[in-house]
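Chemist: Below are the sequence and a predicted model; questions follow.
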Amino acid sequence: MSTGKGRERHIPSQFNQGERFAMKEALKVFPTIFKTRFIQHEVIGEYSHLFTVQGSDPSLQPYMLMAHSDVVPAPDEGWEVPPFSGLEHDGFIHGRGTLDNKNSLMAILQALELLLIRNYIPRRSFFIALGHDEEVSGQNGAQKISALLQARGVKLAFIVDEGNFILDGFIPYLKKPFAMIAVSEKGGINLRLQVNMTPGHSSAPPKETSIGILAAAISRLEQTPLPNMFGSGPLKTTLQELANEFPFPANIVLRNLWLFGPLVSRLMERNYITNALVRTTMALTMFNAGVKMNVIPPMAQAIINLRIHPAQTVQEVLELIKNIVADDRVQFHVLTAFDPLPVSPSDHQALGYQLLRQTIQSIFPEVNTIAPGICIGNTDSRHYTNLTTSIYRFNPVYLHPQDFRSIHGINEKISVQAYETQVKFIFEFIQNADTYQEPIPHLHEL
Ligand SMILES: CCCCCCCCCCCCCCCCCC(=O)N[C@@H](Cc1ccccc1)C(=O)O
Ligand SMILES: [Zn+2]
Ligand SMILES: [Zn+2]
């Protein structure tokens, strides 16, 4: 990409030993950020942070970088090192949040700090939104920041948030890593199923108790996966982009999904991660029932966490669930629900997507394929659809299947090298956002 006007020099992302040590040990605040005149810092919803970095060229539409500081719980059991120790061991920084998503929060601030130390002044304004409650839906963090920016009349060129990675080892026969930039994310439902029953003495039990009725309903749900929706949504594009990375005959299969789609969809549903790309998934995550060992349980409750495929809606999924349960004694309570997010643009004119491509190609030259895809998890960025139609969920970090299992699981860790590279990526990305030249539209696009 040619450098833009007004930029004397591109600041090389080389960091000296002292900076690298500081980067790794950066538990201190970032002093240069907080004393820079063109950066405004606000605390929103008590614990979220919004930085406004004012650029020198007001004609350039601003963008936003997002991350979150909160994490899911982490009991000590199973962890190689205590989950909140932040211990560095064998070249890795261990702990809850090192992949989801403190790594991004720290890397964004660290990259900006290193740029400011080098007297960097951005041309394109940007926001840094750091939520504090993403893992419990983002209502007091991201949602409030979004409302505040909307009230200020802000419109964003694009957003980059957590959500997908440079994926390595997720697909059989695919030996090379590829970058999947999530241009959408699945919808979600937190659904409570409940059975109420008159309590009594357990010495004379009814034929079925509330626990038995609910357990049978849950079992029917687990035994009845929702329809395989392969072929609708961004996945086909993802696979077609990947076709060249596969050996014969897999490459032929992926180039002819009109014919081999049913085969590929069956293969994808065999693996629990790729299965999440082809259907709405259901996970029974909580089950509460019973008051005493010798009392017929008055109530049984279960929580099911559903992630809705882009081709379905909340209402359609609720209908499917009720038909599978097929028991009037089971009551349904929708706790939270939202439809799948719109698909963001990934064509040549899509500034945010093309900036990510450009920076991935620069920092990760070994990654040959960059493809749009879907995020199977949910992110705070869903609260910002009022400010932009271009939302990209991508962290510039390699992810292997065992790393994915550690997200919300045990032994979450990030290598020091991966963290340094994430800082380097953001350091370059912010500069690329300043100098990016729109590609000249092809004749047929004029
Ligand atoms: C073509 C084959 C490609 C293979 C695909 C492999 C995908 C592996 C990467 C998946 C990464 C998933 C993690 C994304 C970030 C999720 C962040 C998170 O935990 N979000 C919470 C947010 C939330 C939402 C609603 C209520 C409470 C919390 C979540 O639960 O999703
Ligand atoms: Zn997260
Ligand atoms: Zn998470």
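Modeler: That came in fine, so what should we check first? Ligands and ions are numbered 1, 2, ... in the order given.

Chemist: Let me know the pLDDT of residue 442.
Modeler: Here the pLDDT value assigned to residue 442 is 53.

Chemist: isn't residue 139 right up against residue 133?
Modeler: Yes: with contacts defined as CB atoms under 8 Å, residue 139 counts as touching residue 133 at a distance of 6.8 Å. Using the backbone N, CA and C atoms, a C-beta is placed for each residue, glycine as well.

Chemist: Comparing the two, which residue is more hemmed in?
Modeler: Taking neighbours as other CB atoms under 10 Å, residue 139 and residue 133 compare with residue 133 leading, 21 against 14.

Chemist: The residue nearest to that one when sequence neighbours are not counted: what's it in contact with?
Modeler: Closest residue in space to residue 133, ignoring its immediate chain neighbours: residue 141 at 4.7 Å, by CB to CB, 6 or more residues apart in numbering. If a contact means CB atoms under 8 Å, 6 or more residues apart in numbering, then residue 141 has 44, 45, 47, 48, 68, 131, 132, 133, 134, 380 as its contacts.

Chemist: Could I have the ChimeraX command that selects the buried members from these?
Modeler: Of these, the buried ones go into a single ChimeraX selection, burial set by 16 or more other CB atoms under 10 Å:
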select :44,45,48,68,131,132,133,134,380
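
Chemist: for the contacts of residue 141, which one is nearest residue 204?
Modeler: Set against residue 204, the nearest of the contacts of residue 141 by CB to CB is residue 133 (47.7 Å).

Chemist: Now do the buried residues in the helix or strand residue 188 falls within.
Modeler: Using DSSP states H and E, residue 188 sits in strand 187-196. For strand 187-196, the neighbour count (16+ other CB under 10 Å) marks 187, 188, 189, 190, 191, 193, 194, 195 as buried.

Chemist: For the first one, which non-adjacent residue is closest in space?
Modeler: In other words, residue 187. Of all residues beyond its chain neighbours, the one nearest residue 187 is residue 308 (3.3 Å), with distances taken as CB to CB, 6+ apart.

Chemist: again, but for the last one
Modeler: Beyond its immediate neighbours in the sequence, the residue positioned closest to residue 195 (CB to CB, 6+ apart) is residue 210, lying 4.1 Å away.

Chemist: before we move on, what SS does the closest residue to residue 137 other than its chain neighbours have?
Modeler: Ranked by CB to CB, 6+ apart and with sequence neighbours excluded, the top spatial neighbour of residue 137 is residue 336, at 6.4 Å. Secondary structure, DSSP: H, G, I helix; E, B strand; the rest coil: residue 336 is strand.

Chemist: isn't residue 336 right up against residue 136?
Modeler: No: between residue 336 and residue 136 there is no contact under CB under 8 Å: 10.1 Å.

Chemist: Check which helices and strands the helix or strand encompassing residue 106 is in contact with.
Modeler: Element membership of residue 106, judged by DSSP H and E, is helix 102-117. Secondary-structure packing of helix 102-117 (3 or more CB pairs under 8 Å, 6 or more residues apart in numbering; DSSP states H and E): helix 17-24, helix 31-35, strand 63-68, strand 126-131, helix 416-435.

Chemist: can you tell which of these is closest to residue 221?
Modeler: Per CB to CB, nearest to residue 221 of the helices and strands packed on helix 102-117: strand 63-68, 30.4 Å.

Chemist: quick one on the thing from earlier: wait, does the helix holding residue 106 make contact with ligand 1?
Modeler: No: Helix 102-117 is not in contact with ligand 1 by CB under 6 Å from any ligand atom; minimum separation 10.4 Å.

Chemist: In the stretch 1-150 of the chain, which residue sits nearest ligand 1?
Modeler: Residue of the stretch 1-150 of the chain nearest ligand 1, by CB to the nearest ligand atom: residue 137 (4.2 Å).

Chemist: residues in this protein within reach of ligand 2, list them.
Modeler: Proximity of the chain to ligand 2 (CB under 5 Å from the ion) is limited to residues 100, 101, 162.

Chemist: all strands for the stretch 201-350 of the chain, in order.
Modeler: For the stretch 201-350 of the chain, strands defined by DSSP state E, counting those that start in this stretch occupy the ranges 281-289, 299-308, 331-338.

Chemist: residue contacts, the residue nearest to residue 422 when sequence neighbours are not counted?
Modeler: Once flanking residues are discounted, residue 422 sits nearest to residue 107: 4.2 Å by CB to CB, 6+ apart. Applying CB under 8 Å, 6+ apart to residue 107 gives the contacts 419, 422, 423, 425, 426.

Chemist: Equivalent analysis for residue 301, please.
Modeler: 192, 193, 194, 214, 286, 287, 288, 289.

Chemist: follow-up on the earlier one: neighbour-wise, which one of the contacts of residue 107 leads?
Modeler: The residue in the contacts of residue 107 with the most neighbours, by other CB under 10 Å, is residue 423 (27 neighbours).

Chemist: Am I right that that one is in contact with residue 110?
Modeler: Yes: in this structure, residue 423 is within contact of residue 110 by CB under 8 Å, at 4.9 Å.

Chemist: Now tell me what touches stretch 200-208 from outside.
Modeler: Stretch 200-208 is contacted by residues 197, 216, 293, 294, 295, 296 when judged by CB under 8 Å, 6+ apart.

Chemist: show me which of the buried residues of strand 187-196 neighbour ligand 1.
Modeler: Restricting the buried residues of strand 187-196 to those touching ligand 1 (CB under 6 Å from any ligand atom) yields residue 188.

Chemist: CSV please, covering the buried residues of strand 187-196 and showing distance to residue 224.
Modeler: Listed next are the buried residues of strand 187-196 as CSV, based on distance: CB to CB, whole Å:
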residue, distance to residue 224
187, 19
188, 20
189, 16
190, 20
191, 15
193, 14
194, 20
195, 19
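
Chemist: Closest one to ligand 2 out of the buried residues of strand 187-196, please.
Modeler: Using CB to the ion, residue 188 comes nearest to ligand 2 of those, at 13.6 Å.

Chemist: distance of the closest residue in space to that closest one that isn't next to it in sequence from residue 143?
Modeler: Closest residue in space to residue 188, ignoring its immediate chain neighbours: residue 378 at 5.3 Å, by CB to CB, 6+ apart. Here the criterion is CB to CB, to the nearest Å. By it, residue 378 lies 13 Å from residue 143.
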